[in-house]
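# only the shape, not the letters, is given here:
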């Protein structure tokens, strides 16, 4: 048979069957869940969340996928387990009553374990087999398996019984999670990863600068593609959430739809239309330049359109922000009461950067806002390096752009920085960058706003004076004088001078108009006098001419009369 014909007869490879865990984010990074009908090892140190992972795997399977499960514990009693997970919203007692799960506690006394050739797990097989059959379980958890081999140093017996246990579980066709404590230089104390070779998940609980972060890594997953990075995960009242925070591709959709910034004058600087929907915006500036006010204006405009917005604050409490914004005409409390605006205010030191990212990710997915504000990102420097903050913000921007959520960051620029770049280096990541700067002159401190960049649209390159009033925010054109840009009272003085100049020019023009009118009247009077004089001379001339003609006519008549008289005298006898 030729090589070509051999390829034609080859049957297509079937994908590895998987069991979804139901744990938020874990199925995504495992491309579908854990290997079906095979054991999976979850290992890690104390307090990293192994038991909670296992419990949620069993509960989600029973509730969401109609797969009953058995949880066999070797450390905690069933009553303790049920009490510990009530804070996550899991009612294990009710699930047991409904035959959806079965909890079993196996007490192992280390002093009773003897290293003899007859040591085996037959009793465990019988007990576990009965539990599986009683509820027709599809999922099994063994937590923590090291307790079965406490003080057992005979490596031959240990390996033999582990192989038997894992082989027996595969024969039962159940998807199994086995938890193990992290060992010295190994993933587990007894090297379980050598026997559970299909899927191994490592949990880690790190403390850095007195801030804790929980991380998950898939060490290996035979026969399946999977995420290879470390992923932060969060344990809260809704269970466990794993965040696949690393975006490997830049293929998110974009739109040409525009949304208002909440400041009409700023929209005018952006082609009169505002920002692109789903874009990222950075507002940076020194302290007191109005960054939070710009963010609040953006939020207020969003809520007035009936859209949802979420405000993450790292510096002020929600009550502070609501009170302060009321002084400039924004009633954010009204939006909160209507369910359009949600605040989340925490100190950056509450969690590590990864945990902050997971929290933001989770809250956004729950609330589904159209606009997000993070104020300020500069405070995150206290819990991570500049490169770590930049990486975290890059992943956050990727997530928000994928969800078509518009985000506005505020950042504090330090006076000691020569360049305009922010400490976090995020200005190159965002689509639009607004810079608010102090303009000091004539003993005054005023604000100037620049559009440093706005991708995909024409925008003004002119500086505008940024004004905060009790009726909101506005921008006015700055005045360019001999000494440069004029703002504040200098601008107002220049405006008054221009008004006064206009009035003086109007008065001068009026005065000239009156003078011209007088001269016109004088000249018209002279013209009328000359016209009358001309008419008089003309009349006199005409009179002489008429008199001459009349005299000629009379003389002619007299001559003719004389001729006739003479003729008559000659004809008489």
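Yep, it's here. Keep in mind the model is a prediction, meaning the values are calculated, not measured.
# okay, now the sheet partners of whichever helix or strand residue 466 is part of, with direction.
Here residue 466, judged by DSSP states H and E, is contained in strand 464-469. Paired neighbours of strand 464-469 in the sheet (DSSP bridges): strand 444-454 (antiparallel), strand 472-477 (antiparallel).
# the spatially most central residue of the chain bridge partners, please.
Note on the chain: the residue nearest the mean C-alpha position is residue 407, at 2.2 Å, using C-alpha atoms, centre = their mean. In this entry, residue 407 is beta-bridged to residue 280, residue 372, by DSSP bridges.
# number of residues surrounding residue 81?
Residues contacting residue 81 under the criterion other C-beta atoms under 10 Å number 20. Every C-beta, even on glycine, is put in place using the N, C-alpha and C of the backbone.
# again with residue 381
Look at residue 381: counted by other C-beta under 10 Å, it has 15 neighbours.
# thought it was touching residue 388?
No: with contact defined as C-beta atoms under 8 Å, residue 381 does not count as touching residue 388 (9.3 Å).
# right, and the strands paired with strand 464-469 - which one's nearest residue 15?
Closest approach to residue 15 among those (C-beta to C-beta): strand 444-454, 45.3 Å.
# now do the buried residues in the closest one.
446, 447, 448, 449, 450, 451, 454 (16 or more other C-beta atoms under 10 Å).
# Throw those residues into JSON lines and include distance to residue 225 and pLDDT, thanks.
What follows is those, written out as JSON lines (distance: C-beta to C-beta, whole Å; pLDDT from 0 to 100):
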{"residue": "446", "distance to residue 225": "57", "pLDDT": "80"}
{"residue": "447", "distance to residue 225": "52", "pLDDT": "84"}
{"residue": "448", "distance to residue 225": "52", "pLDDT": "85"}
{"residue": "449", "distance to residue 225": "48", "pLDDT": "89"}
{"residue": "450", "distance to residue 225": "46", "pLDDT": "88"}
{"residue": "451", "distance to residue 225": "43", "pLDDT": "91"}
{"residue": "454", "distance to residue 225": "39", "pLDDT": "90"}
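# residue 332 and residue 266: what is the separation?
Distance of residue 332 to residue 266, computed by C-beta to C-beta, to the nearest Å: 19 Å.
# about what we covered before: between the buried residues of strand 444-454, which is nearest residue 37?
Nearest to residue 37 among the buried residues of strand 444-454, counting by C-beta to C-beta, is residue 454 at 54.7 Å.
# so how far is the strand or helix carrying residue 391 off the chain centroid?
Assigned by DSSP H and E, residue 391 belongs to helix 386-402. Relative to its chain's centre, helix 386-402 lies at 10 Å (C-alpha atoms, centre = their mean, to the nearest Å).
# that helix - contacts with which helices or strands?
Helix 386-402 sits against strand 280-285, helix 353-367, strand 406-412, with contacts defined as 3 or more C-beta pairs under 8 Å, 6 or more residues apart in numbering; DSSP states H and E.
# tell me what angle it forms with strand 280-285.
140 degrees (axes from the mean of the first three to the mean of the last three C-alpha atoms, to 10 degrees).
# may I see the buried residues of helix 386-402?
For helix 386-402, the neighbour count (16+ other C-beta under 10 Å) marks 388-401 as buried.
# what's the closest of the residues you listed to residue 537?
Residue 537 has its nearest neighbour among the buried residues of helix 386-402 in residue 401, at 96.4 Å by C-beta to C-beta.
# identify the residues contacting that closest one.
Neighbouring residues of residue 401 by C-beta atoms under 8 Å, 6 or more residues apart in numbering: 252, 254, 278, 279, 280.
# any idea which element the first one lies in?
Translated: residue 252. Using DSSP H and E, no helix or strand contains residue 252.
# how many residues are close by it?
When counting by other C-beta under 10 Å, one arrives at 14 neighbours for residue 252.
# distance of it relative to residue 358?
Distance, residue 252 to residue 358, using C-beta to C-beta: 20 Å.
# picking up where we left off before, of the helices and strands packed on helix 386-402, which is nearest residue 512?
In terms of C-beta to C-beta, the element of the helices and strands packed on helix 386-402 nearest to residue 512 is strand 280-285, at 50.3 Å.
# now that closest one against strand 406-412, angle please.
Taking the same axes, to 10 degrees, one finds strand 280-285 and strand 406-412 inclined to each other by 20 degrees.
# I'd like the next helix or strand past strand 280-285.
helix 291-304.
# other SSEs contacting that next one?
Counting contacts by 3+ C-beta pairs under 8 Å, 6+ apart, helix 291-304 is packed against strand 280-285, strand 309-313, helix 318-326, helix 332-337, strand 371-375, strand 406-412, strand 432-441, strand 472-477.
# right, so of those, which gets closest to residue 459?
Nearest to residue 459 among the helices and strands packed on helix 291-304 is strand 432-441; the distance by C-beta to C-beta comes to 8.2 Å.
# so what strands line up beside that closest one?
strand 280-285 (parallel), strand 444-454 (antiparallel).
# make a markdown table out of those strands and add distance to residue 506.
Formatted as a markdown table, the strands paired with strand 432-441 follow (distance: least, C-beta to C-beta, whole Å):
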| stretch | distance to residue 506 |
| --- | --- |
| strand 280-285 | 42 |
| strand 444-454 | 31 |
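# looking at the ones you listed, which is nearest to residue 371?
Residue 371 lies closest to strand 280-285 among the strands paired with strand 432-441, at 9.9 Å (C-beta to C-beta).
# got the angle between the longest helix seen in the chain and strand 432-441?
Determined from DSSP state H, the single longest helix within the chain is helix 488-570. If you take the same axes, to 10 degrees, helix 488-570 sits at 80 degrees to strand 432-441.
# name the helices or strands packed onto helix 488-570?
strand 444-454, strand 479-481.
# tabulate the ones you listed (a markdown table), appending distance to residue 430.
Converted to a markdown table, the helices and strands packed on helix 488-570 look like this (distance: least, C-beta to C-beta, whole Å):
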| stretch | distance to residue 430 |
| --- | --- |
| strand 444-454 | 8 |
| strand 479-481 | 30 |
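# and of the ones you listed, who's closest to residue 216?
When the helices and strands packed on helix 488-570 are compared for distance to residue 216 using C-beta to C-beta, the nearest one is strand 444-454, at 37.2 Å.
# and that closest one, how far out from the chain middle?
Computed by C-alpha atoms, centre = their mean, the chain-centroid distance of strand 444-454 equals 22 Å.
# tell me what angle it forms with helix 291-304.
Using the same axes, to 10 degrees: strand 444-454 against helix 291-304 is 60 degrees.
# so residue 89 sits against residue 237, correct?
Yes: taking C-beta under 8 Å as the definition, residue 89 is a contact partner of residue 237 at 6.6 Å.
# ok, these two, which is more surrounded?
Neighbours were tallied for residue 89 and for residue 237 using other C-beta under 10 Å; the higher tally belongs to residue 89 (10 against 7).
# gap between the more buried one and residue 554?
Applying C-beta to C-beta, the value for residue 89 to residue 554 is 141 Å.
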